[in-house]
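Peer 1: build me a model from this:
(2 chains)
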Amino acid sequence: MPSAEMKNRAELMDFDKALELFEPVLGFEVHVELNTKTKMFCGCANEFGSGANTNTCPTCLGLPGGLPQVNKKAIESSIRLGLALGCEIAEHSRFARKNYFYPDTAKNFQTSQYDDPICHDGSVTIELESGRLVTVEIERAHMEDDAGKLTHMGGATGRIQGADYSLVDYNRGGVPLVEIVTQMIEGAEHDAPEIGRTYVAAIREIAKALGVSNARMEEGNVRCDANVSLRPRGSNVLGTRTETKNVNSLRSVERAVRYEIQRQAAVLAGGGTITQETRHWHEDTGITSAGRPKSDADDYRYFPEPDLLPMAPSRDWVEELRLTLPEPPAARRKRLQAAWGFANLEFQDVVNSDLLDAVEATVAAGASAQAARKWWTGEIARLANAAGVAADSLVTPIQLAALIELVSDGTLTDRLARQVLEGVIAGEGTPAEVVASRGLAVVSDDGALIAAIDAALLGQPDVLAKIRGGKQQAAGAVIGAVMKAMRGQADAARVRELVLERAQAIE
Amino acid sequence: MTYLTKLSAAALSELLVSKQVSAVEATRAHLDHIAAVDTDLHAFLHVAADAALNTAAAIDARRVAGESLHPLAGVPIAIKDVLATQDMPTTAGSKILEGWVPPYDATVVARLRAAGLIPLGKTNMDEFAMGSSTEHSAYGVTRNPWDRDRIPGGSGGGSAAAVASFQAPLALGSDTGGSIRQPAAVTGSVGVKPTYGGVSRYGAIALASSLDQVGPVSRTVYDAALLHDVIGGHDPLDSTSLTDSWPSMAAAAQAGLKDGALKGVRVGVIKELSGDGFQAGVTQRFTETLALLVAAGAEITEVSAPNFEYAVAAYYLILPAEASSNLARFDSVRFGIRVNPASGSLTSEHVMSATREAGFGAEVKRRIILGTYALSAGYYDAYYGSAQKVRTLIQRDFAAAFSQVDVLVSPSAPTTAFKFGEKLADPMAMYINDVTTIPANLAGVPGMSIPIGLAPEDGLPVGLQIMAPAKADARLYTVGAAIEQLLEARWGHTMLSQAPALTPTEMFASEEGAV
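Peer 2: Numbers count the residues shown, from 1 in each chain, chains lettered A, B, ... in the order given. Below is the predicted model of the structure:
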């Protein structure tokens, strides 16, 4: 029996070598938390960050006598998500109880779906960085309620093992989830880790575009369980799979898949066998560790939820909802990149920073695409990063478009515009108001500039002589002095023009 | 004021409305009677004397102020302990909930309070409503007012005994397989299981969700109808609650009192619910009642319900299956008692296990194990799946029968009240006792039990069960009230007036604060 320590420090096989010997087979279960106002089966607020156990009632606390009532909005969101994933929407669907004892599950059963999920048989096509297109088949997308949150107190690891006691917060208990289950993904080959990341990113992006979820992985709105198994080359028998639970960032999905391939390959190549089990992902060390054994015969004693009526979403309703679907994110990206004329790297930068909406709205407000991109991914992203907030929470696209307009009409230099941005972020008003109140506009009064230029030229007679002698590059020193005298509020190009003019005219 | 406890809810309501009697007087009379007789009978697990008197005083003040109140305002009522009450402990007869006071009222309780009825307390029951004798209560048995050595029926023995012994004119019960109707039958009272979905289950501690239904317990059909009108109707908190608008049950009961109410009514006698296993005196009173019906112009037809034979078997798969899941929440984490294991580590798993081991009684454990097994992978289709198919067949039997007749009748229970301990050792014998009542729960149709006399051999009450198609609850009240009137005219008295006088054990104890 290997010690826990040995298990944690598994031997890994080189990734390329592993791929030579084995074919990886993948499967993903992605939980998307819906952003409905209230919970799945009661009227409690669906809210992140409230005081512990404040968003609770007899139903979501599982008190004796509590009964569920279905949140219609959650059904609607589930159907829209299913439609966006190309799924069929079941004509008859029902909830089922998944029975198991755990303190975060108030009723000691999860209200889920078993043999009649609301959505089934869809697919998502993702594009890898190489340009390879991969179609991931969706087996089903079903509705269920989330569990509460356990916090293990005492002990070194924050895990249940070794804890002195645990606290339960049922605020999350009963929050609506859609669990999206893929079919087996074969033929992933070396792209397996990237497929994991890109697939989860696609689900997240779709959920966000639909507006059915806040889709913030760091808040657990999107959680991924990654199934990985290896099949020896030349074999057509599937290997034993592991399920790495709750991988909660895109990068981690990629790393976890890669790690499991390397770990399982080492075990198999060493003559060992893979245990069918859940595994924990450790973000800090980048490894997985054994969780609980999981057999296909895990018995949750599913049976149809007798407290809820079966659902029969009308075809008219489904078609109505289909009309509300936004443009598919992948298609939208293609369209916008073409319209904006961005290079791949420029566009990826915007997408990866989650600023596509912001740039699009800024362009819609009149700004040039390049200017909008530069501001969002540059100065604003820098300030947001420093403040630890989302870039699009600092300024509105309309404010930024106004700022960009002030730069392009010559009212502000880039340097001044950054000061104006600070003012806007500080809540001092619109860009125009900040320009006025801080007195930051470029000095465009030639009279004031000429006075400053004449003073600078007369103060540096040697430079003046050089310019008069035809050495235009000598003008730099004078321009610097003038810009300083104008406290930067001058257009350097205009100053240069005037310097050359005055150098000839001055007495 | 003793006479106040003898009155029907309707009669008491008249005195209250005309201000001849105050709600406080009516409440005090019942509390005094409870104090006098319930130490012995033990119908109540909890009596809320002070709260009841305060509520009554508030009702009196509103009535004196000229406020227009519900006719039942000021009428006392007993509440089965399966219903959540935010001012009284709610234990469902189980040790595992000892002392638990819910933070909310069941919808039916909220509706009672809104109508101004006065909750007197909580009544005894088989633990989590599992049983037909109230012997499975964790808090001791309830005695049958007709014979204190006998069971008052179950699971709602407390509510039936309370009403039959004049401790309350009305009570609430819950009926999963007969828990309202069978206790009514063996105590000579009236009990109604409404159509599934007719009365909200929100706040009723679930036994088997697809079978449970809350309903009225009373001494007259009309009183049951009045209570049904208060508690019935759609509740958005119960997803299985019907959205139909319902006719007045009270008006339906009154229609039954008119001359010729039974004329031309097609009454079906269920062939499978007679004969072997039915006590002679039960059959005799049942047959006499049929003759009375014929004399009143009803048309009697024998109908067959061939699948009723499988009802008990199907029921004892569906019920434990649902119960095993419904009772999973009793784990000590959020409410109820917590028991630490005698040895081993205090993990949540061990504490849950020790709590359930200590908190649940033997019958509850038996059914959780049965249900867990019936739902297990590999057995589901054979057990739960097959039981659901039987359920469909039974629904078809009802549909076929109701295509020929307006109501179906049978004895409410195969026997009169049995003695304590008689069936405790043999769970199957106890289960079979519900053979008459279970089909209505499996099909969701409404059923009523009314008293039809005493069995000659033991002098104990016999009940008639009347069943109607789903949503035709009103039909039960019309037919029930008509039969009740015919029988009382024939006897010259109500049946419960013949119950033996109960010996007061502590007179006026409520005034001395002994309750």
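Peer 1: what about the one residue in the stretch 1-150 of chain B that gets nearest to chain A, how many residues nearby?
Peer 2: Nearest residue of the stretch 1-150 of chain B to chain A: residue B:84, at 4.4 Å (C-beta to the nearest C-beta). C-beta here means a position set from N, CA and C on the backbone, and glycine is covered the same way. If you count neighbours by other C-beta atoms under 10 Å in any protein chain shown, residue B:84 ends up with 29.
Peer 1: kindly report the same for residue A:430.
Peer 2: Neighbours of residue A:430 under the rule other C-beta under 10 Å: 16.
Peer 1: what sits against it?
Peer 2: Applying C-beta atoms under 8 Å, 6 or more residues apart in numbering or on different chains, we find residue A:430 in contact with A:399, A:402, A:424.
Peer 1: and those residues, which is closest to chain B?
Peer 2: Nearest to chain B among the contacts of residue A:430, counting by C-beta to the nearest C-beta, is residue A:399 at 44.6 Å.
Peer 1: wait, a helix at that closest one?
Peer 2: Yes: assessed with DSSP: H, G, I helix; E, B strand; the rest coil, residue A:399 lies in a helix.
Peer 1: what's the pLDDT at it?
Peer 2: Listed pLDDT for residue A:399 reads 94.
Peer 1: wasn't residue B:273 part of a helix?
Peer 2: No: under three-state DSSP, residue B:273 falls outside any helix and is assigned coil.
Peer 1: so it sits against residue B:437, correct?
Peer 2: No: when contacts are counted by C-beta atoms under 8 Å, residue B:273 is not listed as touching residue B:437 (9.7 Å).
Peer 1: now what about stretch A:432-443, what contacts it?
Peer 2: Residues from elsewhere that reach stretch A:432-443, judged by C-beta under 8 Å, 6+ apart: A:402, A:406, A:410-413, A:416, A:419-420, A:423-424, A:428-429, A:449, A:486, A:489-491.
Peer 1: the residue of the stretch 1-150 of chain B closest to chain A: what's it in contact with?
Peer 2: Going by C-beta under 8 Å, 6+ apart, residue B:84 touches A:58, A:63-65, B:90, B:102, B:104-106, B:109, B:203-205.
Peer 1: tell me where the stretch 1-150 of chain B has helices.
Peer 2: In the stretch 1-150 of chain B, the helices defined using DSSP state H, counting those that start in this stretch lie at B:2-6, B:9-17, B:23-41, B:49-64, B:107-115.
Peer 1: now the shortest one: buried residues?
Peer 2: Along helix B:2-6, the positions that meet the burial threshold by neighbour count (16 or more other C-beta atoms under 10 Å in any protein chain shown) are B:4, B:5, B:6.
Peer 1: that helix packs against which elements?
Peer 2: Secondary-structure packing of helix B:2-6 (3 or more C-beta pairs under 8 Å, 6 or more residues apart in numbering or on different chains; DSSP states H and E): helix B:23-41.
Peer 1: just checking, what packs against the helix it packs on?
Peer 2: Helix B:23-41 packs on helix B:2-6, helix B:9-17, strand B:44-47, helix B:49-64, strand B:76-80, strand B:118-123, going by 3+ C-beta pairs under 8 Å, 6+ apart.
Peer 1: roughly how far does the most centrally placed residue in chain A sit from residue A:390?
Peer 2: Chain A has residue A:216 as the residue nearest its centroid, 5.7 Å off, counting by C-alpha atoms, centre = their mean. Here residue A:216 is placed at a distance of 9 Å from residue A:390 (C-beta to C-beta, to the nearest Å).
Peer 1: check contacts around residue A:504.
Peer 2: Going by C-beta under 8 Å, 6+ apart, residue A:504 touches residue A:468.
Peer 1: how much space between it and residue B:62?
Peer 2: As judged by C-beta to C-beta, residue A:504 and residue B:62 stand 102 Å apart.
Peer 1: same deal with residue B:209?
Peer 2: Distance, residue B:209 to residue B:62, by C-beta to C-beta: 37 Å.
Peer 1: kindly report the same for residue B:29.
Peer 2: Distance, residue B:29 to residue B:62, by C-beta to C-beta: 20 Å.
Peer 1: between these two, which has more neighbouring residues?
Peer 2: residue B:29 (22 against 16).
Peer 1: you'd agree the more buried one is up against residue B:4?
Peer 2: Yes: counting by C-beta under 8 Å, residue B:29 sits close enough to residue B:4 to count as a contact (4.0 Å).
Peer 1: ok, residue B:273 and residue B:437, which is more surrounded?
Peer 2: Higher neighbour count among residue B:273 and residue B:437: residue B:437, with 31 against 23, using other C-beta under 10 Å.
Peer 1: and the gap between that one and residue B:411?
Peer 2: Distance from residue B:437 to residue B:411, by C-beta to C-beta: 10 Å.
Peer 1: so who does residue A:471 touch?
Peer 2: Listed by C-beta under 8 Å, 6+ apart, residue A:471 has no contact partners.
Peer 1: distance of residue B:412 from chain A?
Peer 2: The gap separating residue B:412 from chain A is 26 Å, by C-beta to the nearest C-beta, to the nearest Å.
Peer 1: so where do the strands sit in the stretch 151-300 of chain A?
Peer 2: Remark: strands assigned in the stretch 151-300 of chain A by DSSP state E, counting those that start in this stretch are A:165-169, A:176-182, A:222-232, A:242-247, A:277-282, A:287-293.
Peer 1: the second one pairs with which strands?
Peer 2: I take that to be strand A:176-182. Paired with strand A:176-182 in the same sheet, following DSSP bridges, are strand A:22-33 (antiparallel), strand A:133-145 (antiparallel).
Peer 1: and what of the fifth one?
Peer 2: Pairing partners of strand A:277-282, with direction, according to DSSP bridges: strand A:242-247 (parallel), strand A:287-293 (antiparallel).
Peer 1: most packed of the ones you listed?
Peer 2: strand A:242-247 (a mean of 22; mean count of other C-beta atoms under 10 Å in any protein chain shown).
Peer 1: just the angle for that strand relative to strand A:222-232, thanks.
Peer 2: With axes from the mean of the first three to the mean of the last three C-alpha atoms, to 10 degrees applied, the angle from strand A:242-247 to strand A:222-232 works out at 160 degrees.
Peer 1: check what contacts strand A:242-247 and list those residues.
Peer 2: With C-beta under 8 Å, 6+ apart, strand A:242-247 has contacts from A:29, A:223-229, A:253, A:256, A:260, A:264, A:274-281, A:288, A:291, A:294.
Peer 1: pull up the residues of the stretch 301-450 of chain B that are close to chain A.
Peer 2: Contacts of the stretch 301-450 of chain B with chain A, taken as C-beta under 8 Å from any C-beta of the partner chain, map to B:321-322, B:324-325, B:328-331, B:333-335, B:348-349, B:352, B:372, B:375-377, B:380, B:384.
Peer 1: try it again with 6 Å
Peer 2: Taking C-beta under 6 Å from any C-beta of the partner chain as the criterion, the stretch 301-450 of chain B approaches chain A at residues B:322, B:325, B:328, B:329, B:331, B:333, B:334, B:348, B:375, B:376, B:377.
Peer 1: since that was my last question, I'll sign off now.
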